[in-house]
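A.B. asks: build the 3D model from these lines:
(one chain, ligands or ions: 2)
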Amino acid sequence: MRSSVMPLGPTVSQDRVITSFPKWYTPAACLQLREHFHGQVSAACQHRNTGTVGLKLSKVVVVGDLYVGKTSLIHRFCRNVFDRDYKATIGVDFEMERFEVAGIPFSLQIWDTAGQEKFKCIASAYYRGAQVIITAFDLTDMQTLEHTRQWLEDALRENEPGACFLFLVGTKKDLLSGAACEQAEAEAVRLANEMQAEYWSVSAKTGENVKAFFSRVAALAFERSVLQDLERRSSARPQVGNGDVIRTCRDGGASTRDPGQQEALQPRLLLAEPASEASTACMRVGGASRDLEGDMEHPPC
Ligand SMILES: Nc1nc2c(ncn2[C@@H]2O[C@H](COP(=O)(O)OP(=O)(O)OP(=O)(O)O)[C@@H](O)[C@H]2O)c(=O)[nH]1
Ligand SMILES: [Mg+2]
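C.D. replies: Ligands and ions are numbered 1, 2, ... in the order given. Model prediction:
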């Protein structure tokens with residue numbers, strides 16, 4: 001089935017256009033080693049057969065200890081700014097970032113959460129429906145790396161097993177010299193493998209690896225959305241033959257490092273798409289986040 005709705009709107013800036021699959025940071029801890037889009041995804045994009053993917057958002061949630069640099073990382077990417085002064089995030093905040101991936105419009109809704117304990121209960125209410133979980137730690141403070149286990153566990157508890165891409169990100173790369181950086185990275189890579197996460201080192205101050213990292217996030221989330229959409233549409237089509245009128249299958253739900261590929265192989269029938277926070281455009285209205293689709297108000301942050 002060919003997509004009948006291609007979104008209109010302003011074109012995205014050149015540095016948000018992704019034509020080839022962005023590479024990993026290190027092959028020692030990466031979610032997939034392919035250097036090109038999945039065959040089915042390339043074909044779907046070429047034929048503009050990506051269903052509703054171009055109209056949807058993928059939800060990205062960034063978690064980690066206070067002061068590790070979550071807000072700085074997001075602001076460097078979305079606004080190209082760096083602020084030396086620390087202003088704690090209170091509750092949550094989000095940024096929308098528009099991309100064009102393989103010719104198809106695609107957006108990330110990036111949720112910045114507070115690392116301070118007193119705001120944790122507010123922030124954790126926003127973990128649900130994430131396609132991507134980014135756990136950040138400070139490369140100069142290895143305790144913050146240890147704490148990423150707990151942050152990840154908390155974020156995963158609110159999501160379906162195997163439903164999220166996981167990233168472990170070491171921040172403030174500019175503050176470490178060669179050998180110290182290598183040692184911190186080696187520990188982080190070990191933990192990333194344990195978590196089944198992809199590892200990246202970045203610096204919000206210099207901008208090192210920031211664009212490359214978010215491009216990788218966008219490409220993986222996009223690819224997975226297209227594969228899921230293709231699968232949904234093919235499973236939902238009635239199959240007549242061999243005396244069966246309609247064949248329905250149930251979810252397998254296994255966890256994998258590349259959930260997009262795995263899910264593409266697992267037959268399932270979804271007659272109606274489940275409402276997810278990620279597929280719902282949100283905007284701030286007078287200090288509150290408001291669902292455009294469901295018109296459901298979130299608590300003010
Ligand atoms: N040198 C250097 N400093 C950084 C970098 N990223 C963040 N910082 C500094 O680290 C401090 C904390 O950064 P934030 O981005 O506010 O940290 P956060 O994780 O959002 O903190 P919470 O909102 O409290 O959870 C700020 O003073 C930043 O300027 C970096 O890449 N390099
Ligand atoms: Mg912050």
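A.B. asks: the spatially closest residue to residue 11 that is not a sequence neighbour: what secondary structure?
C.D. replies: Residue nearest to residue 11 in three dimensions, not counting chain neighbours: residue 100, with 7.3 Å by C-beta to C-beta, 6 or more residues apart in numbering. All C-beta atoms are positioned from the backbone trio N, CA, C, and that covers glycine. Following DSSP: H, G, I helix; E, B strand; the rest coil, residue 100 is assigned to strand.
A.B. asks: so who does residue 100 touch?
C.D. replies: 11-12, 16-18, 106 (C-beta atoms under 8 Å, 6 or more residues apart in numbering).
A.B. asks: confidence score at it?
C.D. replies: pLDDT recorded at residue 100 is 95.
A.B. asks: likewise the one 5 residues further on?
C.D. replies: The predicted local confidence for residue 105 comes out at a pLDDT of 93.
A.B. asks: tell me how many other residues crowd it.
C.D. replies: Residues lying near residue 105 (other C-beta atoms under 10 Å) number 21.
A.B. asks: distance check, residue 70 against residue 19.
C.D. replies: Distance of residue 70 to residue 19, computed by C-beta to C-beta, to the nearest Å: 29 Å.
A.B. asks: for residue 148, same thing?
C.D. replies: Plainly put, residue 148 is 32 Å away from residue 19 if you go by C-beta to C-beta.
A.B. asks: which residues in this protein form strands?
C.D. replies: 17-18, 57-64, 92-101, 104-113, 132-138, 165-171, 198-201, 282-285, 288-291 (DSSP state E).
A.B. asks: nearest to residue 78 among these would be which one?
C.D. replies: Across those, the minimum distance to residue 78, taken as C-beta to C-beta, is reached by strand 92-101, at 4.3 Å.
A.B. asks: mind checking pLDDT for residue 261?
C.D. replies: 44.
A.B. asks: is the residue nearest the centre of the chain in a bridge, and if so with what?
C.D. replies: In the chain, the C-alpha nearest the mean C-alpha coordinate belongs to residue 132, at 2.9 Å (C-alpha atoms, centre = their mean). Under DSSP bridges, the beta-bridge partners of residue 132 are residue 60, residue 165.
A.B. asks: so how far is ligand 1 from it?
C.D. replies: Applying C-beta to the nearest ligand atom, to the nearest Å, the value for residue 132 to ligand 1 is 17 Å.
A.B. asks: right, is stretch 92-111 up against ligand 2?
C.D. replies: No: interface with ligand 2: stretch 92-111 contributes nothing (C-beta under 5 Å from the ion), its closest point being 7.7 Å away.
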